[in-house]
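Student: sequence and predicted structure are below.
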Amino acid sequence: MKLTVLIIMIQLLSAPLLHAADFRLVKQSSDIFLYERWIGGGDEAVRELKAVFLVRADAPAIIRLLRDPQRGPRWNPSAREYKVMPAPDPDHWYNYIRYAIPWPFEDQDCCLSFHIHSPLEVQFESAQHPDYPPGEGRTRLTGVKGRWIMEPRHSGMVQVQYFITTHRNRKLPRWASDPIVHNNLVKTMTQFKQLAEQ
């Protein structure tokens, strides 16, 4: 009886709060693999994207690239504006990005708080910054949350896994937004990889 109760408690505690489907491959371009899955259901479902690629660079170089305001627009080709603001903690910074979105839709922007969680993981999430409040003529991306995970491999290679979730933008139908999101993310990761290897 005690064993049965213990097994049930372990199952309840280890069960996810939201149902998360397995990732499925949605796009591949060269050596960039893009996956997605849906967490939750119905109108509350949230899409999580995952990009995976190998890069010939070490984790500190990858983190330096993430923090570099001069190179940021080069690996974010859809960025109309790209700013990096320091925080008091040296392992923390803010990033503001305004994305150029094709007509007839508004540009989108986000303000993100980045934190070095470990030497091999950087986490980020939506944040407020007084220098970059939401404004007219653009849609603020909310509920952004993600991480960069770097796993050293052989011969100086690092496998990068980039995860991101956002609240769904109800102004853009999925049939219009999905190709834009997928293409932009693959393009972004391709540029990121090229810059990291320089």
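Tutor: Arrived safely, thanks for sending.
Student: name the helix or strand for the residue nearest to residue 87 when sequence neighbours are not counted, please.
Tutor: Spatial nearest neighbour of residue 87, excluding adjacent residues (C-beta to C-beta, 6 or more residues apart in numbering): residue 93 at 5.5 Å. Every residue, glycine included, has its C-beta placed from N, CA and C. Assigned by DSSP states H and E, residue 93 belongs to strand 92-99.
Student: what is that strand packed up against?
Tutor: Helices and strands touching strand 92-99, by 3 or more C-beta pairs under 8 Å, 6 or more residues apart in numbering; DSSP states H and E, are strand 79-86, strand 107-118.
Student: any chance of those strands in JSON lines with mean neighbour count as columns?
Tutor: Formatted as JSON lines, these follow (neighbours: other C-beta atoms under 10 Å):
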{"stretch": "strand 79-86", "mean neighbour count": "16"}
{"stretch": "strand 107-118", "mean neighbour count": "18"}
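Student: still on that earlier bit, tell me the mean pLDDT for the strand holding residue 93?
Tutor: The average pLDDT within strand 92-99 is 95.
Student: do you know the pLDDT at the closest residue to residue 156 other than its chain neighbours?
Tutor: Nearest residue to residue 156, sequence neighbours excluded (C-beta to C-beta, 6+ apart): residue 56, at 5.7 Å. For residue 56, the model assigns a pLDDT of 96.
Student: next up, the contacts around residue 56.
Tutor: Residue 56 makes contact with 156, 157, 158, 196, 197, according to C-beta atoms under 8 Å, 6 or more residues apart in numbering.
Student: give me the buried positions along the strand holding residue 93.
Tutor: 93, 94, 95, 96, 97, 98, 99 (16 or more other C-beta atoms under 10 Å).
Student: before we move on, back to that, who does the residue nearest to residue 87 form a beta bridge with?
Tutor: residue 86, residue 114 (DSSP bridges).
Student: over to residue 151?
Tutor: Assessed by DSSP bridges, residue 151 has beta-bridge partners residue 159.
Student: so it touches residue 161, yeah?
Tutor: Yes - using C-beta atoms under 8 Å, residue 151 is in contact with residue 161, at 7.3 Å.
Student: what about the two, which has more around it?
Tutor: Under the criterion of other C-beta atoms under 10 Å, the comparison of residue 151 against residue 161 puts residue 161 first, with 16 against 13.
Student: how many neighbours does the residue lying closest to the more buried one once chain neighbours are set aside have?
Tutor: Counting by C-beta to C-beta, 6+ apart, residue 161 lies nearest to residue 149, which is 4.4 Å off, once chain neighbours are set aside. Residues lying near residue 149 (other C-beta under 10 Å) number 19.
Student: so which strand or helix has residue 149?
Tutor: Going by DSSP H and E, residue 149 is in strand 145-152.
Student: which SSE is residue 61 in?
Tutor: helix 59-67.
Student: check residue 88 too.
Tutor: Residue 88 belongs to no helix or strand, assigned by DSSP H and E.
Student: can you report how many residues lie near it?
Tutor: 5.
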